[in-house]
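Q: Build the 3D model from these lines:
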Amino acid sequence: MTMTLLAVDDESINLMIIEESLSEKGFVIVKAKDGEEALAILNSDEYSFFAIILDRLMPNMDGIELLKRIKRSEKWRDIPVIFQTAMSGISDMTEGLDSGAFYYLTKPYSRAVLVTIVHTAVEHYVKLLRAKEDLHKGMGALRHLVKGEFQIRTIKESHELAPILANACPDPERVLTGIMEILNNAIEHGNLGITYQEKTELHNNDKLMEEILHRLESPEYKDKYVQVHFQKLEDKIIIIIKDQGKGFDWQRYLSLQAMTRNAFKTHGRGIFMARRLSFDDLTYFDGGSKAQITILLNQNYSNLLTDFQQ
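A: I've put the predicted structure just below:
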């Protein structure tokens, strides 16, 4: 499979660095000098992009405007956007977050950081594409599900369950990514006890999945499982995800300050973005070992990226 990326920057030297850094890792880079050219490339349907590397400040159409157009499009909105910026203030990051940015690169950045962020974004997108394939495999009857109990142990089982739960909701594609994130978090951080720092090091050494598989088979963790309870009420859907771990300081990962602190890292944003984009509410109980997802029924989700107020 050819991994094609779109790089958008008005500085030719930056495009050259991006292309040199990523082409040797097997990526194909399509370049655009501003937002208007990038939009024309996207509209041509000539390429299937796995990520977009987007500069913040450009002539004609800046990065924020292009980002908003990408995220308003049903065709492009799931493509991860890696936002390049020289500005790291909270207000600047908030504008990017409200427009749909998920990954950040602050200039100047090293080639190693660029490669790591791109690998993370593409890996996340590939997992989402696979889950979305399952989302449309004759699961329409699940929208009539009223109550369900599930038990999972592995990441593979998490990815099998997420489309089932999503299909029982009124807007499956909206909630799918968020459900995957919370299930994975319950397995990785909850049951398997992988800390934030450990995940950082494993990500940097491309050994995260190897460590997950190792812990799943170790005596300390192999009998732990995640319980999932689904219930559809008259006005909302409640999904409770309970792991057997020690919990975590969940509040620090749901705050805007935490999001801006982790914006330039490979992970640490997942539950914030899940709450912001996928659910109407996400709250943790039992010290962080139980997550409660709320999805309101009969809502209008035509504007996916409404301003997040908390």
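Q: from the chain's centre, how far out does stretch 59-69 sit?
A: Chain-centre distance of stretch 59-69: 21 Å, with Cα atoms, centre = their mean, to the nearest Å.
Q: all strands for the protein, in order.
A: Taking DSSP state E as the criterion, the chain carries its strands at 3-8, 27-32, 49-55, 81-85, 103-106, 147-152, 226-232, 236-242, 281-285, 290-296.
Q: I'd like those written out as TSV, with distance to Met180 and mean pLDDT added.
A: (Glycine included, C-beta is placed from N, CA and C.) Below are the strands of the chain laid out as TSV (distance: least, Cβ to Cβ, whole Å; pLDDT from 0 to 100):
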stretch	distance to Met180	mean pLDDT
strand 3-8	20	96
strand 27-32	24	96
strand 49-55	17	95
strand 81-85	19	86
strand 103-106	17	80
strand 147-152	12	97
strand 226-232	12	98
strand 236-242	11	98
strand 281-285	13	94
strand 290-296	12	97
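Q: how about these in TSV, adding mean neighbour count and distance to Thr116?
A: Shown next, in TSV, are those (neighbours: other Cβ atoms under 10 Å; distance: least, Cβ to Cβ, whole Å):
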stretch	mean neighbour count	distance to Thr116
strand 3-8	22	14
strand 27-32	19	13
strand 49-55	25	13
strand 81-85	24	11
strand 103-106	21	10
strand 147-152	14	28
strand 226-232	20	28
strand 236-242	20	28
strand 281-285	16	27
strand 290-296	20	27
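Q: Just send these back as JSON lines, with distance to Asn184 too.
A: Formatted as JSON lines, the strands of the chain follow (distance: least, Cβ to Cβ, whole Å):
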{"stretch": "strand 3-8", "distance to Asn184": "22"}
{"stretch": "strand 27-32", "distance to Asn184": "25"}
{"stretch": "strand 49-55", "distance to Asn184": "19"}
{"stretch": "strand 81-85", "distance to Asn184": "21"}
{"stretch": "strand 103-106", "distance to Asn184": "17"}
{"stretch": "strand 147-152", "distance to Asn184": "10"}
{"stretch": "strand 226-232", "distance to Asn184": "10"}
{"stretch": "strand 236-242", "distance to Asn184": "10"}
{"stretch": "strand 281-285", "distance to Asn184": "14"}
{"stretch": "strand 290-296", "distance to Asn184": "12"}
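Q: Show me the one of the ones you listed that comes nearest Val115.
A: Closest to Val115 of those is strand 27-32 (Cβ to Cβ; 9.1 Å).
Q: Having no further points to raise, I will conclude here.
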